[in-house]
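[1] here you go, sequence then predicted model.
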Amino acid sequence: MRWALVKVCLAVTAMVVIAFAVPLGLVVKEMARDRAFSDAERQAAMIGPTLSITTDRAKLQKAVLTTEPGAAGRMAVHVPASHEAGGVAVEIGSRRATRKDLETVQESGRASISEVTGGSALLQPTALGSRGTVVVEVFVPEDEVSNGVATAWLMLAGVGIALIVGSVAVADRLGVRMVEPARRLAAAAHDLGEGRLGTRVPEDGPTELRSAATAFNSMADQVVQLLANERELAADLSHRLRTPLTVLRLNAASLGEGPAAEQTRAAVQQLEREVDTIIRTAREQRPQTQGQSGGPGAGCDVSEVIRERMDFWSALAEDEGREVRLAGVDRTVRIPVARPELAAALDALLGNVFRHTAEGTAFAVDVHHSGDAVIVLVSDAGGGIADPKAALARGSSGRGGAKGAVGSTGLGLDIVRRVAESTGGDVRIGRSVLGGTEVRIWIGLDGQRPQRRGHRVGRQRRGVLRRSAEARFRSGTGPNL
């Protein structure tokens, strides 16, 4: 395509140059010729006043020598024989035209140009009444006729060549500007087809190719997002199996001893390992993209969802002798999070309490709401998390910072964090008033992240929340599930 464009531009430019340069060169040649003969006519006319006064040879000779062509020997005057001249013709200078040409001009009375050796002769007639017609002959050399023509032709040729070279260079640059983005787009499409999802195309070049590159990049982003959503869904759905698995594991622990009980516990452990494998595989393959927890219009009542999930977990807590406190769910508060997503986040946190704390360990859930946010606190009286930052890191696993611990994939806190961040909130891990771990979920109601200038206020508010939770737990004012 690039060379085709260059060839087309070369052909078009050459045609334009030929179409203009050839006629212009002929015009220049004709103008030089006209200039030379116009000058000769002007010189011949200078003898006219003298001829009108006298035809004396000496006077005419003197008048001829005063002109430029006469001084150069290129002018002649032919006076026909007359009564005043004694019947004798007078000729001054060297004649170059033929006698026949002179007679023709004298008879017709019109100027004429004759081809002679070395150039041309201008024959200019001057009528003298009864004395006949005098012919003034001016010789114009060939080099004077073509004076400046060769230089003008060379300049025209140079301009034509420069135009052709310039047009070829411009066409080549235009070809590169058009072809290179097209090649990059084709290569990017090939790479994307081979699975290199990070391939993108620079949005440059002509308008059409920029639009194509923009559309390609948008398509690639959508493909990556779709794959990320699919893998997130696979990981999240697999992680949600951990809730019934926890129930099975706890029920299997109460079966006592015996072959059937051992087989049941072994099957539950094997199922947990398979679920962990599915979750880890999905996390390792998914692109690092930020998913959204709900579409437009998604939302739920946080108090209702928390009450429902606490009803589910309270049965397990009663079996293990865990004291449970729930507070702050007596008011309807809608949040911009889909019900399944919030339920999955709560199950992830409560499941961690049951998996990573000993039986009989108490835990509490407190809900606090203000004008712009809802804060959910999940606290326990266990041993706490040794490295909260590592636990919050994407893909970390286990409490106590044990990377890759059995029964832990690190997806639980990741699910909670994505739910909070989808509303502009965040997740914090700290020390609870019960002595163990406190996970604080800040869910924004207006989609805006908390301002940095509000950190001090946030710390004061968290202190109030902790004191409130401690008072409720110790006084037993919260519902005991």
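    Thanks, I have the structure now. Since the structure is predicted, the reported quantities are computational estimates derived from the model, not experimental observations.
[2] just checking, what packs against the helix or strand containing P244?
    Per DSSP states H and E, P244 falls inside helix 242-253. Where contact means 3 or more C-beta pairs under 8 Å, 6 or more residues apart in numbering; DSSP states H and E, helix 242-253 is packed against helix 259-285, helix 302-320, helix 339-356. For every residue, glycine as well, the C-beta is placed using N, CA and C.
[3] want to throw those into JSON lines with mean pLDDT?
    Below are these laid out as JSON lines (pLDDT from 0 to 100):
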{"stretch": "helix 259-285", "mean pLDDT": "69"}
{"stretch": "helix 302-320", "mean pLDDT": "89"}
{"stretch": "helix 339-356", "mean pLDDT": "86"}
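[4] of those, which is nearest D143?
    Comparison of the helices and strands packed on helix 242-253 against D143 by C-beta to C-beta identifies helix 259-285 as nearest, at 88.2 Å.
[5] contacting residues around R431?
    By C-beta atoms under 8 Å, 6 or more residues apart in numbering, the contact set of R431 is G384, T437, E438.
[6] does the second one touch D387 like I think?
    The reference is to T437. No. Using C-beta atoms under 8 Å as the test, T437 is too far from D387 to be in contact (11.7 Å).
[7] between these two, who's got more neighbours?
    The neighbour comparison of T437 against D387 (other C-beta atoms under 10 Å) goes to T437, with 26 against 14.
[8] ok, now which ones touch that one?
    T437 touches S379, D380, G382, G384, I385, R399, I429, G430, R431, counting by C-beta under 8 Å, 6+ apart.
[9] if we go to 7 Å?
    D380, G382, G384, I385, I429 (C-beta atoms under 7 Å, 6 or more residues apart in numbering).
[10] what's the answer for A127, then?
    Going by C-beta under 7 Å, 6+ apart, A127 touches G109, T133.
[11] what does the pLDDT read for it?
    Per-residue pLDDT puts A127 at 81.
[12] now swap in the one 4 residues further on and tell me
    You'll see R131 listed with a pLDDT of 68.
[13] how about the spatially closest residue to G321 that is not a sequence neighbour, secondary structure?
    Excluding the flanking residues, the one nearest G321 by C-beta to C-beta, 6 or more residues apart in numbering is G360, at 4.5 Å. Put simply, G360 is coil when judged by DSSP: H, G, I helix; E, B strand; the rest coil.
[14] what segments of the stretch 351-481 of the chain are strands?
    Taking DSSP state E, counting those that start in this stretch to define them, one finds strands in the stretch 351-481 of the chain at 363-369, 373-380, 426-431, 437-444.
[15] just the stretch 151-300 of the chain next, same as before
    300-301.
[16] sketch out the low-pLDDT regions of it for me.
    When residues are selected by pLDDT under 70, those of the stretch 151-300 of the chain lie in 176, 231-243, 273-298.
[17] at 80 what do you get?
    168-180, 195-198, 204-206, 224, 227-299 (pLDDT under 80).
[18] so how far is T104 from T55?
    Distance, T55 to T104, by C-beta to C-beta, to the nearest Å: 21 Å.
[19] neighbour count for those two, which is higher?
    Higher neighbour count among T55 and T104: T55, with 20 against 16, using other C-beta under 10 Å.
[20] so what's that one closest to, chain neighbours aside?
    In space, T55 is closest to V79, 5.1 Å off (C-beta to C-beta, 6+ apart).
[21] same thing with V376?
    Per C-beta to C-beta, 6+ apart, closest to V376 is I441, 4.3 Å.
[22] check contacts around the closest residue to N147 other than its chain neighbours.
    Counting by C-beta to C-beta, 6+ apart, N147 lies nearest to A32, which is 5.9 Å off, once chain neighbours are set aside. Counting by C-beta under 7 Å, 6+ apart, A32 makes contact with V145, S146, N147, G148, V149.
[23] and these, which of them are buried?
    V145, V149 (16 or more other C-beta atoms under 10 Å).
[24] which ones among the contacts of A32 lie within helices?
    V145, V149 (DSSP state H).
[25] roughly how far does G360 sit from V337?
    Counting by C-beta to C-beta, the gap from G360 to V337 is 32 Å.
[26] give me the more crowded residue out of those two.
    V337 (24 against 11).
[27] pretty sure the more buried one sits against T423.
    Yes. With contact defined as C-beta atoms under 7 Å, V337 counts as touching T423 (6.3 Å).
[28] number of nearby residues for the residue nearest to R95 when sequence neighbours are not counted?
    In this structure, R95 finds its nearest non-sequential neighbour in A76, 5.2 Å apart by C-beta to C-beta, 6+ apart. Neighbourhood size, A76 [other C-beta under 10 Å]: 23.
[29] spell out the secondary structure type for A76.
    strand.
[30] what sits against the closest residue to V329 other than its chain neighbours?
    Spatially, and ignoring its direct neighbours in sequence, V329 is nearest to S303 (4.0 Å; C-beta to C-beta, 6+ apart). For S303, the contacting residues are V329, R331, T332, V333, V367, by C-beta under 7 Å, 6+ apart.
[31] number of residues surrounding the nearest residue to the fourth one once chain neighbours are set aside?
    If you skip the residues right next to it in sequence, V333 has H369 as its closest partner in space, 4.8 Å away by C-beta to C-beta, 6+ apart. Counted with other C-beta under 10 Å, the neighbours of H369 add up to 18.
[32] now do A253
    Count around A253 with other C-beta under 10 Å applied: 15.
[33] separation between it and T246?
    With the distance defined as C-beta to C-beta, A253 ends up 11 Å from T246.
[34] just T423 next, same as before
    27 Å.
[35] and S146, by the same measure?
    For S146 relative to T246 (C-beta to C-beta), the value is 108 Å.
[36] ok, back up a step: list residues touching both of V337 and T423?
    Common neighbours of V337 and T423 (C-beta under 7 Å, 6+ apart) are I443.
[37] excluding chain neighbours, what is closest to the residue nearest to the spatial centre of the chain?
    Using C-alpha atoms, centre = their mean, the residue of the chain that lies closest to the mean C-alpha position is E203, 2.0 Å off. Nearest residue to E203, sequence neighbours excluded (C-beta to C-beta, 6+ apart): A213, at 4.5 Å.
[38] please name the residues that touch that neighbour.
    A213 neighbours (C-beta under 7 Å, 6+ apart): P181, L185, V201, P202, E203.
[39] before we move on, the earlier item: correct me if wrong: the residue nearest to T55 contacts A89.
    Yes. Contact status for V79 versus A89: in contact at 6.3 Å, counting by C-beta under 7 Å.
[40] comparing the two, which residue is more hemmed in?
    Comparing V79 with A89 by neighbour count (other C-beta under 10 Å), the higher total belongs to V79, at 25 against 11.
[41] so that one bridges to which residues?
    V90 (DSSP bridges).
[42] contacting residues around it?
    T55, A85, A89, V90, V134.
[43] from the contacts of A213, which ones fall inside helices?
    P181, L185.
[44] among the contacts of A213, who's most crowded?
    V201 (24 neighbours).
[45] and that residue, how close does it get to T214?
    V201 is 9 Å from T214, by C-beta to C-beta.
[46] V302 now?
    40 Å.
[47] ditto for K59
    For K59, the distance to T214 - C-beta to C-beta - is 93 Å.
[48] so the residue nearest to the centre of the chain sits right up against A212, yeah?
    No. The criterion here is C-beta under 7 Å, and E203 misses it with A212 at 9.3 Å.
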